[in-house]
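Participant: heads up, no residue letters with this:
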DNA sequence: AGATTTTACGCAATCGATTTAGTAAATAAC
DNA sequence: GTTATTTACTAAATCGATTGCGTAAAATCT
């Protein structure tokens, strides 16, 4: 049993491929094809259960209606959500998405990028990484439309959709200060990553503005992991002048810190207040619901998709854009006011 | 600036497309092409930064090295994990994955399936749904290799990779019974879904075996949501003869029930014991770590991929297979022994 | 030297859909 | 009764890579 092609239909209705193609693409009126012919073709196509071969179309059209989305850890709920919204938005616009999970592995990132290029995707969305520079240049060299979200790489000029990390963190730390906290720790991620640097800037600015000292031993950079949050919080708690509040730079760290605090036998927020960057399901599931800085994930996704599509369709001719979205402070239960 | 094709290279090195193709596919020795020619071609390809157009290859080869994976809710960590492992396994085998999230929307499922068929994917992996039957027949009608995981649909003969829901639940309920519980509630999902039916069977069998009555008001079927877990647990707690232990049929329900118990002012496990189906990150993040029935997610993913690829490559000629994997009971803190 | 084999390639069809540039036949206009 | 126009299509090139079949030229054999 052969697969039905345009030719199959053409042979059976005794018209040419061209005619069949035009009918099935709803262009028959514009090409002087009689309604009777059109109906015949459509009926035959339905009868044979014809499904167009997108690959063949793409080859001819030099457009695949496919977008690659590369994230580092799809199991991180921040990315899961992002991917979900991106997929949905692109689906609505008629695009198919190839989601690539690199697991922080540069080799795999490289492999995925090569696959996407071989498949001639119309564009790529990427949450970049300092170390990805070489991989990214593979894309830029090919002039494949590219949009970054989540994180900025200073060395690379491109379209970025970001959130205001500095202002978001400042708002969080200001909130802690307004609640009477003076000893505030910063448990951060990768010290070379732009998000972390900006969040740290926000932290420092808020402290300075309130004339509070920035104490180095209250600052724990390392990486965005549960483990780091866990260990850092334990170390901080053991200090003689232990901080009364923790700012945690992402969803993983905040969970680790939460657990670290509990495991030390302390209570949140009575003994230690905690606030995290990123909102996520578990944050409201914890017995003490976490106060967090929430990123507008859906908005990030939609903006990124819009921007990328505008590049693909050449409707946007301005030079590179960096769009910075606002975060939202969500007050819940993990912060206590000090007397 | 034109994209480099085989023709571009052929023109520059003054050999035919065939020769260039053979060289770049490492078939030059088998076709009597001299090493000098091969080297020249390879050098020129590198110089021009040639990247093969997979679409064109696919068209010719009638094989796309693409697999569609359809899940209902990619933000459910169970599916996120599954998708991650599937993607990784297929990546290793040279396949690209198109992940489709339907959000429990049959229209969207239909749309996604049509996209996958138009793209001539080599196979589809699907977590099915009673109501998906019509959509699934679109795939079966086309003879596209298909593997199901997670859930069985009795009406459809196909390859299934499942877990032993009945035994897993039985083990969980037996554990509760062994800890002295006699009043055990079942908070379930969709009563028409095979997983839920089997889990319920396991529940009933364990009770019967222990000569415990099956009390209807202890059984709350509805759907696999947080909300259902939350509400059901509250209703159960309000009963005069409230159960001492809850079995929750998935990761969402168990979280809802957990929250419901806490919100009623009760303590886990002192006042109520709870056990859930599915392990997930939050389960160990909760202050009382949840005892759960763990599904072997990676194994499910690998088995499904292996089975699907064996169908695609025709190395497996046996008729439909249903593979049932074992679950594992993970004892943590949410179950208390009754005196 | 002539026959045979080996070396080193090329031609052209093919995959399936799209599109430009036509053409034959019917109808209308003058 | 011509010419112009409209109607209703078609042929063939194209997208880029692959492959079965074929062949010229060089090398080897007898």
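Facilitator: In hand now; what should we look at? For clarity, every value in this text was computed on a predicted model and none was experimentally measured. Numbering: from 1, shown residues only, chains lettered A, B, ... in the order given.
Participant: For the rest of this, base every contact and every neighbour count on C-alpha atoms.
Facilitator: OK.
Participant: For the lowest-mean-pLDDT helix or strand in chain A, which outside residues touch it?
Facilitator: Taking mean pLDDT, DSSP states H and E as the measure, chain A has helix A:281-285 as its least confident helix or strand, at a mean of 86. Contact partners of helix A:281-285, identified using C-alpha atoms under 8 Å, 6 or more residues apart in numbering or on different chains, comprise A:289, A:290, A:291, B:255, B:259, B:282, B:286.
Participant: Now the two most distant members of those.
Facilitator: Across the contacts of helix A:281-285, the longest distance by C-alpha to C-alpha is 19.3 Å; it joins A:291 and B:255.
Participant: Kindly indicate whether the residue positioned nearest the centre of chain A is helix, strand or coil.
Facilitator: The centre of chain A sits closest to residue A:82, judged by C-alpha atoms, centre = their mean, with a distance of 4.5 Å. Assigned with DSSP: H, G, I helix; E, B strand; the rest coil, residue A:82 falls in the helix class.
Participant: Near DNA strand C, which residues of chain A? Just list them.
Facilitator: Counting by C-alpha under 7 Å from any atom of the strand, chain A comes close to DNA strand C at A:3-7, A:17-19, A:21-22, A:24-25, A:51-54, A:56-57, A:59-61.
Participant: Quick check: the residue nearest to the centre of chain A vs DNA strand D, distance?
Facilitator: The gap separating residue A:82 from DNA strand D is 32 Å, by C-alpha to the nearest atom of the strand, to the nearest Å.
Participant: State the pLDDT value of that residue.
Facilitator: Predicted confidence (pLDDT) for residue A:82: 97.
Participant: Residue ranges in chain A under the pLDDT threshold?
Facilitator: The model of chain A has pLDDT under 70 over residues A:1.
Participant: Pop the domain breakdown of it in here.
Facilitator: Per the record, chain A has its domains at A:6-52, A:65-162+A:297-325, A:165-296, by automatic domain parsing.
Participant: Which of the ones you listed has the highest mean neighbour count?
Facilitator: Mean neighbours per residue, mean count of other C-alpha atoms under 10 Å in any protein chain shown, is largest over the domains of chain A for domain A:165-296, with a mean of 21.
Participant: How about the contacts made by residue A:34?
Facilitator: So residue A:34 contacts residue A:28 (C-alpha under 8 Å, 6+ apart).
Participant: Now do the SS call for residue A:108.
Facilitator: helix.
Participant: these two touch, right, it and residue A:102?
Facilitator: Yes - the criterion here is C-alpha atoms under 8 Å, and residue A:108 meets it with residue A:102 at 5.5 Å.
Participant: Relative to residue A:257, how far out is residue A:242?
Facilitator: Distance from residue A:242 to residue A:257, counting by C-alpha to C-alpha, to the nearest Å: 14 Å.
Participant: Then residue A:299?
Facilitator: Counting by C-alpha to C-alpha, the gap from residue A:299 to residue A:257 is 28 Å.
Participant: To what extent is the residue of the stretch 51-200 of chain A found nearest DNA strand D buried, counted in neighbours?
Facilitator: Ranking the residues of the stretch 51-200 of chain A by distance to DNA strand D (C-alpha to the nearest atom of the strand) places residue A:60 first, at 3.4 Å. Applying other C-alpha atoms under 10 Å in any protein chain shown, we find 11 residues neighbouring residue A:60.
Participant: tell me which element it falls in.
Facilitator: Element membership for residue A:60, per DSSP states H and E: helix A:54-61.
Participant: Please apply the same query to residue A:204.
Facilitator: Using DSSP H and E, residue A:204 sits within helix A:194-209.
Participant: I would like the residues contacting that helix, please.
Facilitator: By C-alpha under 8 Å, 6+ apart, helix A:194-209 touches A:150-153, A:165-171, A:173-174, A:186, A:188-191, A:213-214, A:249.
Participant: What of stretch A:132-140?
Facilitator: Here stretch A:132-140 makes contact (C-alpha under 8 Å, 6+ apart) with A:106, A:109, A:110, A:113, A:117, A:146, A:156.
Participant: Also stretch A:152-161?
Facilitator: The contact list for stretch A:152-161, computed with C-alpha under 8 Å, 6+ apart, reads A:128-130, A:133, A:146-151, A:162, A:194-195, A:300, A:303-304, A:307, A:320-325.
Participant: For residue A:213, give me its contacts.
Facilitator: residue A:207.
Participant: I'd like the secondary structure assignment at residue A:68, please.
Facilitator: Classification of residue A:68 by three-state DSSP places it in strand.
Participant: That one contacts residue A:100, doesn't it?
Facilitator: Yes - between residue A:68 and residue A:100 there is a contact under C-alpha under 8 Å: 7.2 Å.
Participant: one step back: so after the least confident helix or strand of chain A, what's the next helix or strand?
Facilitator: Remark: after helix A:281-285, the chain's next helix or strand is strand A:291-294, criterion DSSP H and E.
Participant: Which neighbours in the sheet does that next one have, and how are they oriented?
Facilitator: strand A:273-277 (parallel), strand A:328-330 (antiparallel) (DSSP bridges).
Participant: quick one: contacts of the first one?
Facilitator: If you take C-alpha under 8 Å, 6+ apart as the criterion, strand A:273-277 is touched by A:169, A:172, A:244-251, A:253-254, A:258, A:268, A:290-295, A:334-336.
Participant: before we move on, back to that, return the member of the contacts of stretch A:132-140 nearest to residue A:37.
Facilitator: Each of the contacts of stretch A:132-140 was checked against residue A:37 using C-alpha to C-alpha; the closest is residue A:117, at 40.4 Å.
Participant: For the closest one, pull up the helix or strand it's in.
Facilitator: Per DSSP H and E: helix A:106-118 holds residue A:117.
Participant: Can you give me every residue that contacts residue A:173?
Facilitator: Here residue A:173 is in contact with A:184, A:203, A:206, A:207, A:247 (criterion: C-alpha under 8 Å, 6+ apart).
Participant: swap the cut-off to 7 Å and go again
Facilitator: Listed by C-alpha atoms under 7 Å, 6 or more residues apart in numbering or on different chains, the contact partners of residue A:173 are A:203, A:206.
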